[in-house]
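In: sequence-free structure coming up:
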């Protein structure tokens, strides 16, 4: 259960009592109180076992509803064994895509991976090797490539869309269809070097670190809620090409970590920030 | 409140209800379930505000006692505004000592720093500058230096003893007097390079990282529960002297972090491990 | 050119003069003076362009021989465009193997990858997808599995053998056949937790960091010259399984970095240490 | 010797020959070829021993002059045992200042520290404790505080000015008087969060890392050549105050590292970038 509301007395007790009254056992619980904007907002993630729990899966939300109503909570109930239907979009660069596929194939990425879609034909063999459908949707003169991508996402029932170095900018319509469900990897430490060619920008500025940022895509390019970031050291010896190579590993693992956090239901978005429990 | 017991249903609810029944508000709560050794052990840290709380400070433990008894809990109640009486022991090297003093003087280390004791006379001026009593207790032929140190610790009412690169090995008697209350910094990534001259050992082995480890002192040298560790990169270019210099920064900040965690009452020790919330 | 000898006046000049006399241009040069063991040893790596160079590839060593003789240098001449014939050995776990294959396929690993050999059948599809021959050599009752592996390595002309989480211990005969040419990845920060089950050992000790170490294999298990190491933070929340998962990423990138350094001819071994330029 | 010029054949040999012809022994040598802007620029740092060297200190530059002229080199000759006259400017916050003083006092910062100047009176005791003159120059209505600071710097013969969280913006006149001789620490990962209140900016943006940047001060605020940078992880749990506290350690060690590199004569500035050997 992912919960958020204005901070009030008795919140933790009310949730814990709900669980214990139905013979549940809390395995993990995290909470956070954000007091930034004048008012205190409470966030909680409670993970409990369904073995021996007194309510069926469908009963949890309705039975909890009075508690939620009393405190004005936003409630989200997820089940660990119901894997999120996921699609990956990729362009020509293979590193993020290949990494996600290998993790998924070795059971390191708990999702229901339904399709890989790309505007390049190159990744078909790899997808076949791990057993994921591959859809090649090239950019065409009719301007309808994105429409076909959206239809494919819809057809496969995707509830999470991972942009694994997908170099096409999505329209507001596409982004609006998947609010906080599209994870992008940007190859810089945002907000530094937003936009095109971040490694060139970084090289021109003479920075001593390069970074990568995974964030939810929003209408404003590279401005969405940040999920994870990491940097690595570079020096005067690294030209743009070497920065790009060093950055590949960063991008790969920051994206994988962000996707994993989403799939584990550990992310709550508020405003343009995230709580990652 | 720091709590631990065998895992049972209703623990979180029982604690949360205790707080809410007396009109308290939980500011932070962390819990952990350790299932390593066959049985599940539950750990919890609950931080709540005393403003408006229905019990006086002295009433909290007795009123909570029935809850603790029901679940067989070990309970530890601490108050943020009651600073831990602390002593620092140092030898000739100044870096860890100076760092702790500067943090303390700029209010970055919330403790009641009562005395600095050293077997070297060098640090008197610095202690005077920040306003901490300095006790020079040199090693003497009568073999009673440690006795004098223990008397001084006792006389100053120390409840935390920080070994800031103190190069004397404490006797079992000294360690027994301060169970899980003596924090030592060892200049290696334990369990690698325990004992003397860890940087020389590291250099001889040709490692590419050096480390530092803060741990509670126990009777077995360098074997106590680890609180914090960190490593930093070295290369073939670093000789023992350069490793030592690079290591100083590591030692300094790992020790400061560990002391801070202790002072914030975020550490629970079990067996030879720690939970650091 | 990789050079080493006792330190003497005029070494740098002699090498630089050799290059300039034949109209070469030095692109990179690194040197190191090791003064650990009483005598000073000089190491150098000089990279220069063959475009416009006055000597053919085969002439370089003989023409340089008098310089080498004068200073008692060990000399190793390598050409960037002559890729090292490489074999990878793997067992059941796919992460290191898959990572190396993906890097190689996307031109991030400049080697002549000739074969992947495994005692498990699982990786055939992935190898086929990237176009590398796969040899499944199961462990058999006749005790001759290693002999077959060695024959295969020999048959493929391997000059570098990468143990990508290969869980079989190689015999002294096998190791002797490839001196400083076998790179192993051990899943701990050596010398801590050598031997079996390092993550379990790490968990039992309660460390706050886990590590990975890439080293050349020698007769003494986990005692060979270290090429690269890295650590990552863990906490009381990480059980052995989660440490293992977190460790996979470490192993993957430490091994890839070590292999890359070897392929770029940036490693010099002396005693049981390495210089990695 | 620090050298730079357009790349040409024979550079390394010419310099090495100069050293060997006068019976010198090269202890360290680093070189770098920057090919970014269309033309290749060569940078070199050569460190050799004066023991037994055939030229006096004053003879080195004139005797080397013909070599420098032939290649059009910019040449800078420095001597390890001639410590750089240094001044530190600080405001109210003590952490960077105290760290530099402690390093200097324990011989970890090889400079001739002549004076600490501050617009706050607080640091007098600490400076006295380590034996450095302290000059309190408060901001006054006559607008002449900077003039008095410049006079003091001049009077003490400072050749390096370290801004240890000095919160006054220097005028172009002040900066022009110390080209590439003023090191500032900015408490963000530049170019992100330039200007005022970087931790508040970082918190508002919801980043998962905070950073610190040491750079040479130029006329354009926070735009000077970057010497060193580092980041550390933060989370939703860190409010501005906690970010500020975590950032203090970053600032402290990034500034110390940058100052150390300058004092070791390992930095070459070109355009708005640095080569840090």
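Out: Done, it's in. What you see is a predicted model, and the numbers here were worked out from it, not measured in a lab.

In: C-alpha from now on. contacts and neighbour counts both.
Out: OK.

In: Would you mark the buried spots in the host helix or strand of residue A:248?
Out: Following DSSP states H and E, one finds residue A:248 within helix A:240-263. Neighbour-count burial for helix A:240-263 flags A:240, A:243-244, A:246-263 (criterion: 16 or more other Cα atoms under 10 Å in any protein chain shown).

In: Filter those to keep only those in contact with chain B.
Out: Here nothing survives when the buried residues of helix A:240-263 are matched to chain B using Cα under 8 Å from any Cα of the partner chain.

In: returning to what we had before: which SSE is immediately downstream of the helix holding residue A:248?
Out: Following helix A:240-263 toward the C-terminus (DSSP H and E): strand A:267-270.

In: Buried residues, that following strand. List them.
Out: If you call a residue buried by 16+ other Cα under 10 Å, then strand A:267-270 has these buried ones: A:267, A:268.

In: which strands and helices sit next to that strand?
Out: Packing contacts for strand A:267-270, counted by 3 or more Cα pairs under 8 Å, 6 or more residues apart in numbering or on different chains; DSSP states H and E, involve strand A:273-276.

In: how about the strand it packs on, does it get close to chain B?
Out: No. Strand A:273-276 is not in contact with chain B by Cα under 8 Å from any Cα; minimum separation 14.8 Å.

In: Check the offset of that strand from the chain's centre.
Out: Chain-centre distance of strand A:273-276: 11 Å, with Cα atoms, centre = their mean, to the nearest Å.

In: I'd like the average pLDDT over it.
Out: For strand A:273-276, mean pLDDT rounds to 96.

In: Show me what that strand is in contact with.
Out: Contact partners of strand A:273-276, identified using Cα atoms under 8 Å, 6 or more residues apart in numbering or on different chains, comprise A:225, A:226, A:227, A:261, A:266, A:267, A:268, A:269, D:205, D:206, D:235, D:236.

In: Which of those sits closest to residue B:48?
Out: Using Cα to Cα, residue D:236 comes nearest to residue B:48 of the contacts of strand A:273-276, at 19.4 Å.

In: how many neighbours does that closest one have?
Out: A count of nearby residues for residue D:236, using other Cα atoms under 10 Å in any protein chain shown, gives 17.

In: phi, psi of it?
Out: For residue D:236, the backbone dihedrals (degrees, to the nearest 10) come out as phi -60, psi -20.

In: For it, which residues are in contact?
Out: Neighbours of residue D:236 in contact, by Cα under 8 Å, 6+ apart: A:274, A:275, A:276, D:206, D:208.

In: sorry, back to before: for the contacts of strand A:273-276, which one is nearest residue C:214?
Out: Closest approach to residue C:214 among these (Cα to Cα): residue A:261, at 28.9 Å.

In: Might one say that the closest one is in contact with residue A:268?
Out: No. With contacts counted by Cα atoms under 8 Å, residue A:261 stays clear of residue A:268, the gap being 10.3 Å.

In: For chain A, which residues are neighbours of chain D?
Out: Contact residues, chain A versus chain D (Cα under 8 Å from any Cα): A:32, A:34, A:36, A:190-192, A:205-209, A:225-231, A:235-237, A:239, A:272-276.

In: from those residues, which would you call buried?
Out: Burial by neighbour count, 16+ other Cα under 10 Å: within the residues of chain A next to chain D this picks out A:32, A:34, A:190-192, A:205-209, A:225-231, A:235-236, A:239, A:273-276.

In: So which of these belong to helices?
Out: Among these, the residues falling in helices (DSSP state H) are residue A:205.

In: List the contacts of whatever residue of the stretch 51-200 of chain A ends up closest to chain D.
Out: Chain D sits closest to residue A:192 of the stretch 51-200 of chain A, with a gap of 4.7 Å, by Cα to the nearest Cα. Contact partners of residue A:192, counting by Cα under 8 Å, 6+ apart, are D:190, D:191, D:192.

In: And it, how far from residue D:118?
Out: Distance from residue A:192 to residue D:118, counting by Cα to Cα, to the nearest Å: 32 Å.

In: what's the span of stretch A:24-44 from first residue to last?
Out: 17 Å.

In: Number of residues surrounding residue A:37?
Out: Residue A:37: 8 surrounding residues under other Cα under 10 Å.

In: try residue A:43
Out: Residue A:43 has 22 nearby residues by other Cα under 10 Å.

In: which strands and helices sit next to the helix or strand where it lies?
Out: Residue A:43 belongs to strand A:41-48 when assigned by DSSP H and E. Strand A:41-48 sits against strand A:2-6, strand A:26-34, with contacts defined as 3+ Cα pairs under 8 Å, 6+ apart.

In: That strand: which residues count as buried?
Out: Within strand A:41-48, the residues scored as buried using 16+ other Cα under 10 Å are A:41, A:42, A:43, A:44, A:45, A:46, A:47, A:48.

In: cool, stretch A:174-188 as well?
Out: Result for stretch A:174-188 [16+ other Cα under 10 Å]: buried residues A:174, A:175, A:178, A:180, A:181, A:182, A:183, A:184, A:185, A:186, A:187, A:188.

In: Hmm, residue A:220 and the second one touching each other?
Out: No. With contact defined as Cα under 8 Å, residue A:175 does not reach residue A:220; the gap is 10.1 Å.

In: For the strand holding residue A:43, which strands pair with it and how are they oriented?
Out: The strands beside strand A:41-48 in its sheet (DSSP bridges) come out as strand A:2-6 (antiparallel), strand A:26-34 (antiparallel).

In: residues in contact with stretch A:41-56?
Out: Stretch A:41-56 is contacted by residues A:1-7, A:19, A:22-35, A:266, A:268, A:277 when judged by Cα under 8 Å, 6+ apart.

In: centre of the chain versus it, how much separation?
Out: Between the centre of stretch A:41-56 and the centre of its chain there are 22 Å (Cα atoms, centre = their mean).

In: Mean confidence (pLDDT) on that stretch, please.
Out: For stretch A:41-56, mean pLDDT is 93.

In: same thing with stretch A:170-184?
Out: 97.

In: quick one: the helices in the stretch 51-200 of chain A?
Out: For the stretch 51-200 of chain A, applying DSSP state H, counting those that start in this stretch gives helices covering A:57-71, A:95-105, A:124-130, A:145-155, A:172-177, A:198-205.

In: Which residues of the stretch 151-277 of chain A lie near chain C?
Out: Contacts of the stretch 151-277 of chain A with chain C, taken as Cα under 8 Å from any Cα, map to A:245, A:249, A:253.

In: Out of the residues you listed, flag the one nearest to chain B.
Out: Closest approach between these and chain B, by Cα to the nearest Cα: residue A:249, at 18.3 Å.

In: and the closest one, what does it touch?
Out: Counted by Cα under 8 Å, 6+ apart, residue A:249 has contacts residue C:253.

In: where does it sit relative to residue C:99, distance-wise?
Out: Taking Cα to Cα as the measure, residue A:249 and residue C:99 are separated by 11 Å.

In: and for those two, which residues touch both?
Out: Residues touching both residue A:249 and residue C:99 (Cα under 8 Å, 6+ apart): none.

In: what's the worst-scoring helix or strand of chain A on mean pLDDT in contact with?
Out: When the helices and strands of chain A are scored by mean pLDDT, DSSP states H and E, strand A:26-34 comes last with a mean of 90. For strand A:26-34, contacts defined as Cα under 8 Å, 6+ apart pick out A:7, A:16, A:19, A:40-49, A:277, B:9, B:12, B:27-33, D:237.

In: can you rerun that using 6 Å?
Out: Strand A:26-34 is contacted from outside by A:40, A:41, A:42, A:43, A:44, A:45, A:46, A:47, A:48, using Cα atoms under 6 Å, 6 or more residues apart in numbering or on different chains.
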